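Participant: one predicted model, sequence on top.
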Amino acid sequence: MTRFMPSAPLLKRGRMGGMCGRYATTRARQELLDEFQVQLDAVDGDIQPDYNVAPTKQVPAVLNRRPKDAPEEEAAVRQLRTVRWGLVPSWAKDLSIGSRMINARFETVHEKPSFRRAFARRRCLLPADGYFEWYTLEDQGGSPDPADGEKKAKKKKPQKQPFFIRPNDGAIMAMAGLYELWKSPEDEWLWTCTVITTDAPDDLGRIHDRMPMIVEPDRWDAWLDPALTDTEQVRGLLVPAMAGTMEAYPVSKAVNSVRNNGPELIEPAASGDSSENHSGSLF
């Protein structure tokens, strides 16, 4: 795949803040079990490929944790689970807070009350094929018609083009995540997660200034180890992606709608794709 980057004059720099809330995770269950050397498959039901993951969806997660009801002295085991995207702290009164906690900034995750306990002991990996970001084209139109007088011309809604961003070697992205357990008023336990984000390298920063933090395979064991609680050691495991390690290319605007889901969403967009945004978009 040839990396395609939009020319700078046509772009507004990606908005500041967290990554946009979509990614794709399509690897088969057995591939995840093998790739991450999982010891306990704790997934109920099937894991279906999801080409348009959005907040509040169930997503696969890899984590180290002692089995339920195991004695304190028993070692944690590598598990594959599905968790709800959007972290709900244990002290939250209801689930609604999760929709605002899909991302945690690397720079402050160890300090924020919502994340610091999970950062110390409940870290996970969130497998992905890649993630989506949107860039905004500058308005190329001319000045308003003078005949309009004092009446202001209506400002057109900025056009946004989705991009799919993935490792250029096709490897699984192991996004750095945190998980939490929240007990509902009905005494049911809910597993939730968040994605840790960092500054994007220059070649991606023109699309968006943030991206998921990716954990390299040689650091998976340490990242998942709940016995490693030293904040600085844990932070030292995370290194932003280097320029040139990711590729980005435009995809169909069909991804704007959470109702659309299929492999066509991560295929390069046909030239001149101008499909309209669908209702239900998060953006």
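Facilitator: Perfect, I can see it now.
Participant: next one: phi and psi at E35?
Facilitator: phi -60, psi -40 (degrees, to the nearest 10).
Participant: contacting residues for it?
Facilitator: By CB atoms under 8 Å, 6 or more residues apart in numbering, the contact list for E35 reads 27, 127, 172. Using the backbone N, CA and C atoms, a C-beta is placed for each residue, glycine as well.
Participant: so which of these wins on neighbours?
Facilitator: Neighbour counts for these peak at P127, which has 23 neighbours (criterion: other CB atoms under 10 Å).
Participant: so what's it bridging to?
Facilitator: A174 (DSSP bridges).
Participant: hmm, back to that, okay if I get the contacts of E35 as TSV plus distance to A75?
Facilitator: As requested, the contacts of E35 are arranged in TSV below (distance: CB to CB, whole Å):
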residue	distance to A75
R27	27
P127	23
I172	25
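Participant: look up how far W134 lies from V83.
Facilitator: V83 sits at a distance of 25 Å from W134 (criterion: CB to CB, to the nearest Å).
Participant: and if you look at W191?
Facilitator: From W191 over to W134 (counting by CB to CB), the distance is 29 Å.
Participant: the two: which is more packed in?
Facilitator: Neighbour count, other CB under 10 Å: between W191 and W134, W134 has more, with 23 against 20.
Participant: how much space is there between that one and N256?
Facilitator: Where N256 is concerned, W134 sits at a distance of 8 Å (CB to CB).
Participant: now P212
Facilitator: 20 Å.
Participant: element containing the nearest residue to A269 once chain neighbours are set aside?
Facilitator: Beyond its immediate neighbours in the sequence, the residue positioned closest to A269 (CB to CB, 6 or more residues apart in numbering) is P250, lying 4.4 Å away. Here P250 sits within strand 246-250, counting by DSSP states H and E.
Participant: same thing with E107?
Facilitator: Per DSSP H and E, there is no helix or strand for E107.
Participant: what do you get for the one 10 residues further on?
Facilitator: Under the criterion DSSP H and E, the helix or strand holding R117 is helix 116-121.
Participant: and the contacts of that helix?
Facilitator: So helix 116-121 is in contact with 87, 90, 104, 109-110, 178-180, 194, 226, 229, 231, 234, going by CB under 8 Å, 6+ apart.
Participant: and if we set it to 7 Å?
Facilitator: 109-110, 178-180, 226, 229, 234 (CB atoms under 7 Å, 6 or more residues apart in numbering).
Participant: just the buried ones from those residues, in ChimeraX syntax?
Facilitator: Here is the ChimeraX command that selects the buried residues among the contacts of helix 116-121 (16 or more other CB atoms under 10 Å):
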select :109,178,179,180,234
